[in-house]
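Enquirer: sequence and predicted model, in that order:
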Amino acid sequence: MERSNRKIKIAFMFLSIVIASIIGLGFYGYFKILNTNLIYQGVRVEKYDLSLMTKEEGLNYIKENHEKELKDRSMKLIYADKEYVYSLDELGLYSDYEKAINEAYSVGREGSIFKRIKDIIYVKKNGIVIPLDSNIDKNRINHIVDTISEEIDSDAKDAEFHFNNGNISITNEVVGRVVDKEKLSKAINDNIDRLDTIEIPVENILPKVTKSLLSRINGVIGEYSTSFKGSSQNRIENIRISATALKGKLLMPGESLSFNDTTGPRDKKFGYKEANVILNGEFTPDVGGGVCQTSTTLYNALLLADVTILERSPHSIPATYVKFGQDAAVAYGFLDLKFRNDFDFPIYIDSKMVGNQLYFYIYGDKRSKDYTVKIESEIIETIPANEELILDETLEPGSRILVQAGRKGYKVNTYKSIIKNGKTVSRELISKDFYRPKNFIYKVGKDVVETSNNLEDELNNRIDDIEMDGSNGQ
């Protein structure tokens with residue numbers, strides 16, 4: 001009995017020692033494993049093994065190695081003979097190291113003691129990889145894209161037409177280019193992991209005016225001249241200024257031109273002089289007199305070139321330097337001569353003054369314009385001038401004093417004919433003009449005897465004389 005009790009005591013003591021050992025080992029494991037400040041064994045961030053490192057050690061380790069790798073890895077961008085190489089660091093790639101370290105450190109530290117131990121054992125055996133989140137600095141990418149664009153981008157340059165005394169020379173056009181910044185930025189962003197060589201997306205900018213197009217200007221397709229003989233020096237100077245403003249104008253297909261916009265306001269500060277102009281049917285001194293001869297000469301050259309006329313007005317009285325119905329009056333802000341190039345080739349305007357003649361030439365594709373234009377004016381009606389008599393009792397009986405010289409009026413139709421291979425293929429009415437008549441006005445004394453038939457002939461003869469005097473026309 002006594003021996004049996006001793007055995008029980010010995011067994012109890014042994015069990016107590018075992019339990020105490022287990023408890024001791026448990027406390028030791030808790031303090032040594034569960035209460036450690038080290039990252040548990042088997043934890044990696046990407047390819048970097050952080051086993052048994054402190055957070056600070058792990059942070060420094062992955063940061064140092066990863067950033068070195070960013071500098072060693074690069075992306076190549078190419079265009080033609082240009083090559084750009086940027087490291088990932090230069091591209092602005094950055095990583096969230098703090099987040100990765102916090103996630104690595106949290107492994108085996110969440111949940112109950114038993115869950116933690118289970119996680120620690122699993123990770124030690126199987127390992128775990130924490131992703132390293134990376135982002136790209138958009139501002140850095142935009143700066144790189146802008147830098148590349150500045151080096152590659154170039155403006156398109158139109159071919160240039162040069163005309164010197166009838167000799168034509170044309171420079172080549174230059175194709176421009178522009179980097180598609182949006183596409184390039186996206187390509188860089190999408191290529192961060194692969195690091196493939198990128199072909200920089202570049203778009204060509206085609207110039208509007210090419211040498212092949214300008215080369216279609218190969219000869220005169222319409223020309224006209226008028227005489228300014230007998231004009232004052234001021235009037236001649238106004239013709240010269242306005243004609244020079246139009247000289248060298250190039251109109252591409254579909255483009256329009258305004259005479260007034262091109263020649264500018266008739267103002268002394270622009271060099272225009274005072275000379276006779278037609279105002280309300282009268283010759284009146286004003287700045288810019290003579291400019292209408294420029295517009296009329298150009299108008300007729302345009303008609304013969306078959307250029308589309310958009311706006312044209314006749315004078316109130318016929319001009320003396322051109323046939324009836326073929327004049328083109330202009331007044332800045334009121335009357336204009338406008339036209340448009342409806343050909344599929346450009347046209348070029350040249351002008352010159354030789355002796356007492358003003359010339360306008362319209363250049364274009366003489367080979368494709370395989371017809372000629374004929375302009376004809378037809379007086380539909382001649383309206384005689386009437387006479388008005390004003391009784392003046394202070395005058396001697398039978399006396400007559402001219403107060404206002406009169407003139408005939410006209411209704412005129414103008415036609416344009418297209419002639420091809422010597423035959424008229426079309427004829428169209430292009431204008432209907434009315435030049436108003438003007439009455440003769442006399443002051444007469446008493447007892448004036450009317451001899452209307454003889455007077456009518458006399459009046460018409462005097463009108464003809466006035467209309468033949470070209471020195472006062474605008």
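Expert: Yep, that arrived. Numbering: from 1, shown residues only.
Enquirer: any idea where the helices of the stretch 151-300 of the chain begin and end?
Expert: Along the stretch 151-300 of the chain, counting by DSSP state H, counting those that start in this stretch, helices occupy 181-190, 211-214, 233-246, 259-263, 291-305.
Enquirer: need the ones you listed in CSV with distance to residue 388, can you?
Expert: Just so you know, the C-beta spots here come from the backbone N, C-alpha and C atoms, and that holds for glycine as well. Output for the helices of the stretch 151-300 of the chain, formatted as CSV (distance: least, C-beta to C-beta, whole Å):
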stretch, distance to residue 388
helix 181-190, 79
helix 211-214, 60
helix 233-246, 32
helix 259-263, 37
helix 291-305, 29
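Enquirer: which of these sits most buried?
Expert: helix 291-305 (a mean of 26; mean count of other C-beta atoms under 10 Å).
Enquirer: for residue 357, give the beta-bridge partners.
Expert: Under DSSP bridges, the beta-bridge partners of residue 357 are residue 227, residue 354.
Enquirer: thought it was touching residue 231?
Expert: No. Counting by C-beta atoms under 8 Å, residue 357 stays clear of residue 231, with 11.7 Å between them.
Enquirer: neighbour-wise, which of these two wins?
Expert: More crowded of residue 357 and residue 231, by other C-beta atoms under 10 Å: residue 231, with 23 against 13.
Enquirer: from residue 315, how far out is the nearest residue to residue 294 once chain neighbours are set aside?
Expert: Leaving aside its sequence neighbours, residue 294 sits nearest to residue 242 (C-beta to C-beta, 6 or more residues apart in numbering; 4.2 Å). Per C-beta to C-beta, to the nearest Å, residue 242 is found 16 Å from residue 315.
Enquirer: list the buried ones in the helix or strand containing residue 363?
Expert: Element membership of residue 363, judged by DSSP states H and E, is strand 357-364. For strand 357-364, burial by neighbour count (16 or more other C-beta atoms under 10 Å) applies to 358, 359, 360, 361, 362, 363, 364.
Enquirer: same question for stretch 306-318.
Expert: By 16+ other C-beta under 10 Å, the buried positions in stretch 306-318 come out as 306, 307, 309, 312, 313, 314, 315, 317, 318.
Enquirer: how distant is that stretch from the center of its chain?
Expert: 31 Å (C-alpha atoms, centre = their mean, to the nearest Å).
Enquirer: for that stretch, how far is the first residue from the last?
Expert: 23 Å (C-alpha to C-alpha, to the nearest Å).
Enquirer: how about the residue most central in space within the chain, phi and psi?
Expert: Most central residue of the chain, judged by C-alpha distance to the mean C-alpha position with C-alpha atoms, centre = their mean, is residue 208 at 9.8 Å. Here is the backbone geometry of residue 208 (degrees, to the nearest 10): phi -70, psi -30.
Enquirer: give me the below-cutoff pLDDT ranges for the protein.
Expert: 1-32, 275-288, 447-474 (pLDDT under 70).
Enquirer: can I see the domain layout of it?
Expert: Domain segmentation of the chain under automatic domain parsing yields 1-32, 36-136, 138-213, 216-381+414-433.
Enquirer: closest to residue 401 out of those domains?
Expert: domain 216-381+414-433 (19.4 Å; C-beta to C-beta).
Enquirer: how long is the closest one from one end to the other?
Expert: End-to-end distance for domain 216-381+414-433, by C-alpha to C-alpha: 36 Å.
Enquirer: okay, now residue 150: neighbour count?
Expert: With other C-beta under 10 Å as criterion, residue 150 counts 9.
Enquirer: swap in the one 10 residues further on?
Expert: Look at residue 160: counted by other C-beta under 10 Å, it has 14 neighbours.
Enquirer: got phi/psi on it?
Expert: phi -120, psi 140.
Enquirer: on that earlier part again, relative to residue 413, which of the helices of the stretch 151-300 of the chain is closest?
Expert: Per C-beta to C-beta, nearest to residue 413 of the helices of the stretch 151-300 of the chain: helix 291-305, 14.4 Å.
Enquirer: what angle sits between that closest one and strand 357-364?
Expert: Counting by axes from the mean of the first three to the mean of the last three C-alpha atoms, to 10 degrees, helix 291-305 points 40 degrees away from the direction of strand 357-364.
Enquirer: ok, back up a step: and the domains of the chain: which comes nearest residue 446?
Expert: domain 216-381+414-433 (30.8 Å).
Enquirer: which residue packs closest to residue 149, ignoring adjacent ones?
Expert: Residue 149 sits nearest to residue 179 (C-beta to C-beta, 6+ apart), 4.2 Å away.
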